[in-house]
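Enquirer: give me the fold of what follows.
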Amino acid sequence: MTDRFTQRLNQAMDLRNIRQSDFVKAAEEHGVKLGRSHVSQYVNGKTRPRPEIERFLAAVLGVDARWLAGEQVAFDEHPATFNDVEQTTNVEHRHVIEQHADGNVQEDIEQHNIVELMDFEHRDSIEHEDVEHEYGIEPKDVAAHDVQPSSLNISEPTHASAPHRSGQEHIMEPQFDDDVQDPSFIDVPSSVTPEEPKVRGRRTFAKSHKLDNVLYDVRGPVVNEAARMEAAGMHVMKLNIGNPAPFGFRTPDEVVYDMAQQLTDTEGYSASKGLFSARKAIMQYAQLKNLPNVGVEDIYTGNGVSELINLSMSALLDNGDEVLLPAPDYPLWTACVTLAGGKPVHYICDEQSEWYPDIDDMRAKITDRTKSIVIINPNNPTGALYPREVLEQIVDLAREHQLMIFSDEIYDRLVMDGLEHTSIASLAPDLFCVTYSGLSKSHMIAGYRIGWMILSGNKAIAKDYIEGLDMLTNMRICSNVPAQSIVQTALGGHQSVNDYLVPGGRIYEQREYIYDALNSIDGITAVKPKAAFYIFPRIDVRRFNIHDDEQFALDLLHDEKLLIVQGTGFNWKDPDHFRVVYLPRVEVLKGAVDKMTRFFSHYRQ
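Expert: Below you'll find the model as predicted:
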C-alpha cells in the first residue's frame, strides 16, 4: 500500500501544484508536528505516515482521504478538510480516555485494531449470487480470493470494490479492471453479521516521536532528490558534503601501508576507549595543544567524531536541559541534543564580524537550565577561525555561569594564511572541557571513521558524568580497530595536509578562487574562510524573492544539476545563505560557478 499511497500523493501534489514545503507551512499553522525530512520520506516512498497525518495531507491537497489511502474512490468525492482532521483527532483522543475510564483498555485496544474477515470458499450458490449481484464479481473470483486485513482506520468503513463509475476522469491513476479484485482491500458484503470471525488487523510500525524534531539536511530532502535524478541517468555536480576522497585527495601512502601491515593484528576488539598506542599518540598531541590535566585514560576513540558527540549528549542531558549551540552549526549537534531530550538554544555567529560568536547574544540566552556551551572551531559551515580573545570571552562566560565546554575541532589542522588554531580547553584549566578531533578531514580518510574526544581541566566536578561516558563507551564495545592502528603514524612525522594549505596548494588555491568567484555574482556576497574547506555565502533574498531556501536549493538542482545545502539546514533561521564545499579542483569549481551565475541571472522564486 505504501507504493500506491506514494503514487497518489505525488499525483495530487502535481495536480494541486503543492510543494513539500507547503505541507510544512500548513503543519505549523495548524499545530501539527511535521518536518521537512518527514515529508520527503513520504514523497519518496520510504515510509508511510500515521493515519492522522495522512488525513492532514489529504486536507492540504483537497482530496478524499480514502483515495489518498489507496481506496477505489474518486479523488474529490469527499475532500478532507482541516476541521475533519481536528474532529477525528478529538474523537479518537476522547475514545481512548473513555476506554481507560471503563477499565477495559486492553480489550478495547484490541477491538480498535480488529477488522472483519470473510472466507468465501464454502458459501452456497445463493450467497454467491448475492455477492455477484451487489459487487459485480465473478463467482470464480470470489471463491479464489483471499481476504487481507486492511490497514485503514476502521472508524471509516469502506467497500474497496465500488460499483463502476461513469466519471472515471476523477480517478487520478491508471484504470483498473473492475472484474479483478485488488488484494490490498477488504471486500465484505453488507450482509455480514457481527458474529463473523474476527482477527487482529495488520500492525504497522512508526518511527519514534523522539525523531519528530530531528533534522539532518546535509543528507536530507534535497540530497534525496539528487539521488533520484542520478538514478534516472542525470549527472549531478555535488558541492554538498565535505568528503575529500571523491575529489582526488588521497590518504598518505605511509598511513595505508601501516594499516595493511597491522590488519591481522586488529581483527579482535580493543579496549573500549581504544588501543593504548592510539590513545598515547592522541595524549601527546593534546600536550602539544596545551590541554591541561590530560592522561591516557582521558582519551576516547570513536567511529568518527559524530559517534562521540551523540554519546556525549546522551550521557549528559535530562529532559529540558539546555545546551548553547552556534547558529549556523553543524546540524548533528542540534540533532544529538534533541535526541537526548535536551533543548538546543542557538546563539548567533555574526557575519559582520568574521562569523565570530556574538558574546552578548550568548550571555542573554543562558538560563538556570543551561548545562554547557558548544563551539565549532574552526567552524563548519562558515570556515571561521576564532581568535584567542574571542575564546577567552567564552571561557569567562562559562566560568561565570559554571558551564561545561564542548569544542568540536575536527578541522584544527586545516588552517590557512599563516594563522594558528588555539584550543579553548588550553585557556580553561579550572573548567571541565571535552575536545573533539580526528583524522577524517586532515588526513583525507573520512571513510576510515576514526575520531577522538579528550577530557581535560577540572575533571573532579564531572566525576558522575564521566562514569556515564564510560558506561556508554563500554556498551558500544569499541571503535574501528584497524583505523585506530594508524593514529600513531598519522599524528607523527610530516603532516602532508600542510602542503595543501599554502599558496600553490590545492585547498588554498580553491579557497582563493571560490571566494572571488562567488563575490563576483550579482546578489551574492561571502566572508573569506580562514580554515576548513567550506564557504557560507549570503543571498540577496529581496533581489531573488527567496522565502524558502530549501525550494531554492531544489530549483538550483533541477535547473543546473548542481547540489548545495541551504542555510536553514545548518540551523540558520533565515533563508538567505547556502554552503559550498570547495574541495573540487579549480576547473570543476569554475563549471559550478558558471552554473550559479547563469541560474542567478534569471532566478526569481
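
Enquirer: from here on, just use CA atoms for contacts and neighbour counts.
Expert: Fine.

Enquirer: ok, and the closest non-adjacent residue to the residue most central in space within the chain?
Expert: Centroid-nearest residue in the chain: residue 216, 2.4 Å away (criterion: Cα atoms, centre = their mean). Nearest non-adjacent residue to residue 216, counting by Cα to Cα, 6 or more residues apart in numbering: residue 331, 6.0 Å away.

Enquirer: contact partners for that neighbour?
Expert: 215-218, 569-571 (Cα atoms under 8 Å, 6 or more residues apart in numbering).

Enquirer: repeat that with 7 Å
Expert: 216, 570-571 (Cα atoms under 7 Å, 6 or more residues apart in numbering).

Enquirer: what does residue 30 give?
Expert: Contacts of residue 30 by Cα under 7 Å, 6+ apart: none found.

Enquirer: pLDDT score assigned to it?
Expert: On the pLDDT scale, residue 30 is placed at 88.

Enquirer: check residue 200 too.
Expert: Residue 200 is given a pLDDT of 72.

Enquirer: next one: residue 548
Expert: pLDDT, residue 548: 92.

Enquirer: pLDDT weak spots in the stretch 1-150 of the chain?
Expert: 1-2, 87-150 (pLDDT under 70).

Enquirer: switch the cut-off to 80
Expert: Residues of the stretch 1-150 of the chain meeting the criterion pLDDT under 80: 1-3, 84-150.

Enquirer: which element, helix or strand, includes residue 407?
Expert: For residue 407, the host element (DSSP states H and E) is strand 404-408.

Enquirer: whoops, residue 394 was the one
Expert: Taking DSSP H and E as the definition, one finds residue 394 inside helix 388-401.

Enquirer: now do residue 32
Expert: Counting by DSSP H and E, residue 32 is found in no helix or strand.

Enquirer: all helices in the stretch 151-300 of the chain, in order from the N-terminus.
Expert: 221-231, 253-262, 276-288 (DSSP state H, counting those that start in this stretch).

Enquirer: switch these over to JSON lines; also include mean neighbour count.
Expert: Converted to JSON lines, these look like this (neighbours: other Cα atoms under 10 Å):
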{"stretch": "helix 221-231", "mean neighbour count": "17"}
{"stretch": "helix 253-262", "mean neighbour count": "14"}
{"stretch": "helix 276-288", "mean neighbour count": "19"}
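
Enquirer: out of these, which is closest to residue 575?
Expert: helix 221-231 (14.8 Å; Cα to Cα).

Enquirer: and that closest one, C-alpha only, in CSV?
Expert: Extracted C-alpha coordinates of helix 221-231, given in CSV (Å, rounded to 0.1, in the frame of the first residue of the first chain):
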residue,chain,number,x,y,z
PRO,A,221,15.3,16.0,1.1
VAL,A,222,17.4,17.9,-1.5
VAL,A,223,20.0,15.2,-1.5
ASN,A,224,17.3,12.6,-1.8
GLU,A,225,16.0,14.4,-4.9
ALA,A,226,19.6,14.5,-6.3
ALA,A,227,19.8,10.7,-5.8
ARG,A,228,16.5,10.2,-7.7
MET,A,229,17.9,12.3,-10.5
GLU,A,230,21.1,10.3,-10.7
ALA,A,231,19.1,7.1,-10.7
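
Enquirer: where does pLDDT dip in the stretch 151-300 of the chain?
Expert: Using pLDDT under 80, the stretch 151-300 of the chain drops low at 151-200, 213, 215, 217-219.

Enquirer: quick one on the thing from earlier: how about JSON lines for the helices of the stretch 151-300 of the chain, with distance to residue 322 added?
Expert: Formatted as JSON lines, the helices of the stretch 151-300 of the chain follow (distance: least, Cα to Cα, whole Å):
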{"stretch": "helix 221-231", "distance to residue 322": "28"}
{"stretch": "helix 253-262", "distance to residue 322": "40"}
{"stretch": "helix 276-288", "distance to residue 322": "28"}
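
Enquirer: closest one to residue 596 among those?
Expert: Per Cα to Cα, nearest to residue 596 of those: helix 221-231, 16.7 Å.

Enquirer: packing partners for that closest one?
Expert: Packed against helix 221-231, as judged by 3 or more Cα pairs under 7 Å, 6 or more residues apart in numbering; DSSP states H and E, are no other helices or strands.

Enquirer: other residues contacting it?
Expert: Contacts of helix 221-231 (Cα under 7 Å, 6+ apart): 37, 40, 236, 553-554.

Enquirer: now the strands: where do they sit in the stretch 151-300 of the chain?
Expert: 198-200, 237-238, 299-302 (DSSP state E, counting those that start in this stretch).

Enquirer: mind listing what the closest residue to residue 547 other than its chain neighbours touches?
Expert: Nearest residue to residue 547, sequence neighbours excluded (Cα to Cα, 6+ apart): residue 575, at 6.1 Å. By Cα under 7 Å, 6+ apart, the contact set of residue 575 is 547-549, 567-568.

Enquirer: helix/strand/coil for residue 575?
Expert: Following DSSP: H, G, I helix; E, B strand; the rest coil, the label given to residue 575 is coil.

Enquirer: show me what counts as buried in the strand or helix carrying residue 464.
Expert: Element membership for residue 464, per DSSP H and E: helix 463-475. Neighbour-count burial for helix 463-475 flags 466, 468-470, 472-473 (criterion: 16 or more other Cα atoms under 10 Å).

Enquirer: swap in stretch 314-326?
Expert: In stretch 314-326, counting by 16+ other Cα under 10 Å, buried: 314-317, 321-326.

Enquirer: name the helix or strand for residue 490, please.
Expert: Using DSSP H and E, residue 490 falls in helix 487-491.

Enquirer: next structured bit after that helix?
Expert: helix 506-519.

Enquirer: tell me what that following helix is packed against?
Expert: When contacts are defined as 3+ Cα pairs under 7 Å, 6+ apart, helix 506-519 packs onto strand 524-525, helix 586-600.

Enquirer: residue 8: which of the ones you listed is closest?
Expert: Per Cα to Cα, nearest to residue 8 of those: helix 586-600, 31.6 Å.

Enquirer: other SSEs contacting the closest one?
Expert: Secondary-structure packing of helix 586-600 (3+ Cα pairs under 7 Å, 6+ apart): helix 506-519.

Enquirer: returning to what we had before: so which of the helices and strands packed on helix 506-519 is the most packed in?
Expert: Mean neighbour count, computed with mean count of other Cα atoms under 10 Å, is highest for strand 524-525 among the helices and strands packed on helix 506-519, reaching a mean of 18.

Enquirer: what is that one packed up against?
Expert: helix 506-519, strand 538-539.

Enquirer: list the strands paired with the next helix or strand after it, with their directions.
Expert: Where DSSP H and E defines the elements, the next helix or strand beyond strand 524-525 is strand 534-535. Sheet pairing of strand 534-535 (DSSP bridges) gives strand 578-581 (antiparallel).

Enquirer: would you mind pulling the contact partners of the strand it pairs with?
Expert: Contact partners of strand 578-581, identified using Cα under 7 Å, 6+ apart, comprise 239-242, 381, 533-538, 564-567.

Enquirer: can you give the distance from stretch 541-561 to the centre of its chain?
Expert: Relative to its parent chain, stretch 541-561 has a centroid offset of 20 Å by Cα atoms, centre = their mean, to the nearest Å.
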